[in-house]
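K.L.:
My questions are about this predicted structure, shown below with the sequence.
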Protein chains: 2
Amino acid sequence: MKLTSKGRYAVMALVDLARFDNINPVSLRDISLRQGISLDYLEQIFSKLKKDQIVKSIRGTQGGYVLSKKPNEIKLTNIFHAVDEKVKTVQCKKESKKGCNGKATKCVTHNLWDELETHINTFFEKKSLEDLLKNNTEQRT
Amino acid sequence: MKLTSKGRYAVMALVDLARFDNINPVSLRDISLRQGISLDYLEQIFSKLKKDQIVKSIRGTQGGYVLSKKPNEIKLTNIFHAVDEKVKTVQCKKESKKGCNGKATKCVTHNLWDELETHINTFFEKKSLEDLLKNNTEQRT
DNA sequence: ACTATACTTGACCAATTTAGTCAGGTATGT
DNA sequence: ACATACCTGACTAAATTGGTCAAGTATAGT
Ligand code: FES
Ligand code: FES
């Protein structure tokens, strides 16, 4: 049960972006240097974030990325969804009536994992990028 | 962010065990058949559960496994700990003061992941095997 | 027009982890 | 003795992860 780098980096990068995009677009190169994430990898991540309209890109010299919404409108759910960091606790297909063992009924633990999934998702739905920014400036005092 | 089979199977198997161990020890073979889990794999799992004293083994003909505590005393945390299904959301070593990027300070998302970890663990600490049993008999009505 | 910057796309790969299998044991009730 | 069932460790195929590499395209500034 762990997070992948993709999800982790996506959030990191967006926090960085949120802090600096007021003045100018932020280049991936800058984020790469500040956060210590491979540039090539960041490109993959941002292409996904762009597809889900979490960021906008500005090409050319002095170009870069900008948030397309306000920090309080970007929830962790949105970010994770964009980069395919999905929470999958059940083994079976939820829609199907079959269980994970191939039997006709759901297995004895199915409900448990489903509850867990909800529990985790609740967390992600509550947290916004803004929360993280606050948290971070607080630390700096 | 997903669960491994080890954790999943461990819980499955223990629910099965809890339901049937009142009368006789339950053999892994039976669990294997009822839950559709490979016998060899179950053996690996139970050796770990035994090491953490969640189950007791009884050898010989008509032998098998029995819970060593009452279902309400066995929390999911205990099970997961036994089979090394650990929740790891932060990247860095928690004790260290260094961040995940190797820098001197914790990264901007560290606190977030730490909160998440707590959030998930709370769930596991609350749920006991007994809760699962109830849940399952309710479904059968 | 040229050039540097920075986004864009897709293929590729090495390392790790997972989810098991296989092949032998050893203990014990009947 | 012998069948049952626990016990142990080595091994492996497949999937996933966490990237790298290569070859673009668009745009701002000179
Ligand atoms: S997890 Fe859904 S049936 Fe087992
Ligand atoms: S996760 Fe702990 S420092 Fe980044």
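P.N.:
It's in. Ligands and ions are numbered 1, 2, ... in the order given.
K.L.:
list the contacts for residue A:29?
P.N.:
residue A:39 (Cβ atoms under 8 Å, 6 or more residues apart in numbering or on different chains). (Each C-beta comes from the backbone N, C-alpha and C, glycine too.)
K.L.:
where's it, which helix or strand?
P.N.:
Assigned by DSSP states H and E, residue A:29 falls within helix A:28-35.
K.L.:
what do you get for residue A:22?
P.N.:
Here residue A:22 is assigned to no helix or strand, by DSSP H and E.
K.L.:
now swap in residue A:19 and tell me
P.N.:
helix A:5-20.
K.L.:
circling back to that earlier point, in the following helix or strand past the helix holding residue A:29, what counts as buried?
P.N.:
On the C-terminal side of helix A:28-35, the closest following helix or strand by DSSP H and E is helix A:39-51. For helix A:39-51, the neighbour count (16 or more other Cβ atoms under 10 Å in any protein chain shown) marks A:42, A:45-46, A:48-49 as buried.
K.L.:
Next: stretch A:126-136.
P.N.:
Applying 16+ other Cβ under 10 Å to stretch A:126-136 flags A:127-129, A:131-133, A:135-136 as buried.
K.L.:
Spell out whether that stretch and ligand 2 are in contact.
P.N.:
No: Stretch A:126-136 does not reach ligand 2 (Cβ under 6 Å from any ligand atom); its nearest approach is 12.1 Å.
K.L.:
before we move on, the earlier item: so the helix holding residue A:29, near DNA strand C or not?
P.N.:
Yes: contact of helix A:28-35 with DNA strand C (Cβ under 7 Å from any atom of the strand) involves A:28-29.
K.L.:
and that helix, average pLDDT?
P.N.:
Mean per-residue pLDDT for helix A:28-35: 96.
K.L.:
If we go by neighbour counts, what in it is buried?
P.N.:
By 16+ other Cβ under 10 Å, the buried positions in helix A:28-35 come out as A:28, A:30-32, A:34-35.
K.L.:
low-scoring stretches of chain A, by residue?
P.N.:
In the predicted model of chain A, residues A:137-141 satisfy pLDDT under 70.
K.L.:
how about the residues of it that lie near chain B?
P.N.:
A:1-5, A:7-8, A:11-12, A:15-16, A:35-37, A:85-89, A:91, A:101-103, A:107-109, A:111-113, A:115-116, A:119-120, A:123, A:127, A:132, A:135-136, A:139 (Cβ under 8 Å from any Cβ of the partner chain).
K.L.:
Bridging across strands, which residues link to residue A:75?
P.N.:
When bridges are called by DSSP bridges, residue A:75 pairs up with residue A:128.
K.L.:
Tally up the residues packed near it, please.
P.N.:
Residue A:75 sits with 17 neighbouring residues when counted by other Cβ atoms under 10 Å in any protein chain shown.
K.L.:
give me every residue that touches it.
P.N.:
With Cβ under 8 Å, 6+ apart, residue A:75 has these contacts: A:124-129.
K.L.:
before we move on, back to that, include distance to residue A:95 when you put the buried residues of stretch A:126-136 into a markdown table, please.
P.N.:
Formatted as a markdown table, these follow (distance: Cβ to Cβ, whole Å):
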| residue | distance to residue A:95 |
| --- | --- |
| A:127 | 28 |
| A:128 | 30 |
| A:129 | 31 |
| A:131 | 33 |
| A:132 | 33 |
| A:133 | 37 |
| A:135 | 37 |
| A:136 | 39 |
